[in-house]
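S.K.: pasting a predicted model and its sequence here:
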Amino acid sequence: MTYRELVHRVAALVLLAGSLAVVTTESAIAATAPTSEERLLAGHLLRRAGFGPSPKDMNKVLKKGTAHWIEQQLDPTRIGDAALEGLLPGLPKDPEADSERIRRWYVRMAYSSRQLQEKMTLIWHEHFAVSNEKVRSGILMQDDENFLRKNALGNFRDLLVGVTRDQAMLVWLDNDGNSGNGDEPPNENYAREFLQLFTMGTRQLHADGTVVTDGGGNPVAAYAEQDVREISRALTGFAAPWPRKTNNTRFDEWRHDAGAKNFLGTTIPGRAGEDGATEVDDVVDAVLSQRRDTVAGFIATMLIGKLATETPSAQYVQFVAGALRDSDWSIQEAVRAILTHPEFVSAAVVRSQIREPAEQFVGAIRGLSGHTDGATLVEWSYNAGQLVWYPPSVFSFYPPGQRRVLLDTAYVIERDRMADEFVRADKGTWFDAAKLIRKNKLTTPDQAVDYLADALLAAPLQSDVRAAIVTYMAGEVSEDKVKGAAWLILCSPDFQKN
């Protein structure tokens, strides 16, 4: 049977993939080919703290243990990544060009040995959402990405200060040209999102993420409109000069409101002259001190939602929030707490998330030792609703805790189309099926299916799906059959679970 004939013969399985939006861990059927607990947890770690297991990384984790891998990844400066440089596409001369630069990030996701750093860079890009739809500068967007990568596992306070001054963010949330000395009041857009989306949310929280209530049981607001207005005054004076060919954020003293500001129950005295630019630091320090538990609980919940589960226990949130707060806002310590807490490897968390498109596409490449120049990933991600540098709104690609919106019927079709193009190798992203057969000595359909399932899932494959794929192979292990079997797994509900 040819690959194209296969597409028509397995329509039922494709329809099964269409129900992915309601797939849960409880729906999994016991697999015929068992996966060891050790291998399952190694794959879980590599999917959540990276973009999926490659054969090399899986062997490394199994040999040295998950604790060793975590500690190594938490300090990316200690991980050699020289081989990546030879794989990255060249930089375009046009400062506005973006697709060539975006390709480089996808290549990093696929091939970087610093997997946790790349996953955290994506997480912060989703949290501090900035879109080139408005910024319109490949240079500024790349500077923004590079800043997030450099600080991905650094200090949250420093991250907040840097993002606030970042030129792409200045343009995106209208703090470019924000003035405190004109006829118009300061622009409140960035100040509002700084509070609502970047630091604390709309309600005060305990450190375990639960909501603080008043004597009547009503939620206590995290901030008031007056707080937004006062912070917007403190952030006046910054500008993103045109043309935007380099990240050279400017501070205009004459546009800065140097008066005292009162917000969140505290006062910052205000600063004049060039020193006015450091009111960003004053604002960040005031927020982190006045809403210490709220910020810790809010950010801990967000990070756990990205790396572990969108429904964490209060104990899990409190453990991570404490690590973040008590380490003077070390992201490294917060991530270590997430990845080493018992809940991270609990039955309720393992295989409980829906893969984001980047995880889906890059995971397939890594699992099958595939090849990409990144260009196809730009197209696939755009079609699937998660093209980096282009989040659709300040709420990023999906609202917090609602990643399932990335898996509606239309997006399922796009994921299946990606699988089709990947196995047919008719674009710039592909894998070598013949090499996999030779290297892994695959001589029977059972061997081939179990190898592919383990490489792509590192977890059990539903027994009925496995049986259907073995039957499809009809006793033959060929390049065409292995491609078809890989396609079936990539389209299965099992592959959508992270």
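M.R.: On my side now, so go ahead.
S.K.: what's around the closest residue to Ala425 other than its chain neighbours, how many residues?
M.R.: Of all residues beyond its chain neighbours, the one nearest Ala425 is Phe431 (7.6 Å), with distances taken as CB to CB, 6 or more residues apart in numbering. Glycine gets a C-beta too; all of them are placed from N, C-alpha and C. Burial measure for Phe431: 21 neighbouring residues, criterion other CB atoms under 10 Å.
S.K.: tell me which residues touch Phe431, please.
M.R.: When contacts are counted by CB atoms under 8 Å, 6 or more residues apart in numbering, Phe431 touches Ile365, Leu368, Ser369, Gly370, His371, Phe422, Val423, Ala425, Ala486.
S.K.: least trustworthy helix or strand in the protein by mean pLDDT?
M.R.: helix 11-17 (a mean of 36; mean pLDDT, DSSP states H and E).
S.K.: could you turn the buried ones of the contacts of Phe431 into a PyMOL selection?
M.R.: Command for PyMOL, covering only those of the contacts of Phe431 found buried under the criterion 16 or more other CB atoms under 10 Å:
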select buried, resi 365+368+370+422+423+486
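S.K.: can you lay out the contacts of Phe431 as JSON lines showing distance to Glu71, secondary structure and pLDDT?
M.R.: Formatted as JSON lines, the entries for those read as follows, by distance: CB to CB, whole Å; DSSP: H, G, I helix; E, B strand; the rest coil; pLDDT from 0 to 100:
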{"residue": "Ile365", "distance to Glu71": "26", "secondary structure": "helix", "pLDDT": "98"}
{"residue": "Leu368", "distance to Glu71": "28", "secondary structure": "coil", "pLDDT": "98"}
{"residue": "Ser369", "distance to Glu71": "26", "secondary structure": "coil", "pLDDT": "97"}
{"residue": "Gly370", "distance to Glu71": "28", "secondary structure": "coil", "pLDDT": "97"}
{"residue": "His371", "distance to Glu71": "30", "secondary structure": "strand", "pLDDT": "97"}
{"residue": "Phe422", "distance to Glu71": "33", "secondary structure": "helix", "pLDDT": "96"}
{"residue": "Val423", "distance to Glu71": "37", "secondary structure": "helix", "pLDDT": "95"}
{"residue": "Ala425", "distance to Glu71": "38", "secondary structure": "coil", "pLDDT": "89"}
{"residue": "Ala486", "distance to Glu71": "33", "secondary structure": "helix", "pLDDT": "97"}
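S.K.: and which of the contacts of Phe431 is nearest to Val171?
M.R.: Top of the list for closeness to Val171, among these and by CB to CB, is Ile365 at 32.8 Å.
S.K.: where exactly do the helices run in the stretch 151-300 of the chain?
M.R.: If DSSP state H, counting those that start in this stretch is used as the criterion, the helices of the stretch 151-300 of the chain fall at 156-165, 167-172, 189-193, 225-234, 279-290, 292-307.
S.K.: after the least confident helix or strand of the chain, which helix or strand is next?
M.R.: As assigned by DSSP states H and E, the chain's next helix or strand after helix 11-17 is helix 37-48.
S.K.: now do that next one, average pLDDT.
M.R.: Looking at helix 37-48 alone, the average pLDDT works out to 96.
S.K.: buried ones in that helix?
M.R.: By neighbour count, and taking 16+ other CB under 10 Å as the criterion, the buried residues in helix 37-48 are Arg39, Leu40, Leu41, Ala42, Gly43, His44, Leu45, Leu46, Arg47, Arg48.
S.K.: go on, stretch 325-342?
M.R.: Judged by neighbour count (16+ other CB under 10 Å), stretch 325-342 contains these buried residues: 325, 327, 329-339, 341.
S.K.: got TSV for those residues, with pLDDT, distance to Ile268 and secondary structure too?
M.R.: TSV is the format used below for these (pLDDT from 0 to 100; distance: CB to CB, whole Å; DSSP: H, G, I helix; E, B strand; the rest coil):
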residue	pLDDT	distance to Ile268	secondary structure
Arg325	98	21	helix
Ser327	98	25	coil
Trp329	98	19	coil
Ser330	98	24	strand
Ile331	98	25	helix
Gln332	98	29	helix
Glu333	98	27	helix
Ala334	98	26	helix
Val335	98	31	helix
Arg336	98	33	helix
Ala337	98	31	helix
Ile338	98	33	helix
Leu339	98	36	helix
His341	98	36	coil
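S.K.: would you map the helices across the stretch 1-150 of the chain?
M.R.: Remark: helices assigned in the stretch 1-150 of the chain by DSSP H, counting those that start in this stretch are 3-9, 11-17, 37-48, 55-64, 66-73, 82-85, 99-111, 115-127, 132-135, 138-150.
S.K.: oh, that last question was meant for the stretch 301-450 of the chain, not what I typed.
M.R.: Taking DSSP H, counting those that start in this stretch as the test, the helices found in the stretch 301-450 of the chain are 314-326, 331-340, 357-367, 375-383, 409-424, 433-439, 445-457.
S.K.: ranking those helices by burial, who's on top?
M.R.: Each of the helices of the stretch 301-450 of the chain was assessed for mean neighbour count using mean count of other CB atoms under 10 Å. The highest is helix 357-367, with a mean of 26.
S.K.: if we can go back for a sec, of the helices of the stretch 1-150 of the chain, which approaches Asn189 most closely?
M.R.: Asn189 sits nearest to helix 132-135 of all the helices of the stretch 1-150 of the chain, at 11.6 Å, using CB to CB.
S.K.: go through that closest one and flag the buried ones.
M.R.: Of the residues in helix 132-135, those buried (16+ other CB under 10 Å) are Asn132, Val135.
S.K.: where does the stretch 1-150 of the chain dip in pLDDT?
M.R.: For the stretch 1-150 of the chain, residues meeting the criterion pLDDT under 70 lie at 1-35.
S.K.: hmm, 90 instead?
M.R.: Of all residues in the stretch 1-150 of the chain, those with pLDDT under 90 make up the ranges 1-36, 93-96.
S.K.: pLDDT value on Asp426, please?
M.R.: Per-residue pLDDT puts Asp426 at 77.
S.K.: what about Thr202, how many neighbours?
M.R.: For Thr202, the count of nearby residues is 11 (other CB under 10 Å).
S.K.: for it, what are its contacts?
M.R.: Thr202 sits in contact with Gln196, Ala221, Ala222, Tyr223, where contact means CB under 8 Å, 6+ apart.
S.K.: right, so of the helices of the stretch 1-150 of the chain, which gets closest to Glu188?
M.R.: helix 132-135 (17.3 Å).
S.K.: can I get that closest one in PDB? Just the C-alpha atoms.
M.R.: Below are the C-alpha coordinates for helix 132-135, written out as PDB (Å, rounded to 0.1, in the frame of the first residue of the first chain):
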ATOM      1  CA  ASN A 132       5.500  42.400  15.500                       C
ATOM      2  CA  GLU A 133       2.100  43.100  14.000                       C
ATOM      3  CA  LYS A 134       2.500  46.500  15.800                       C
ATOM      4  CA  VAL A 135       6.300  46.800  16.500                       C
END
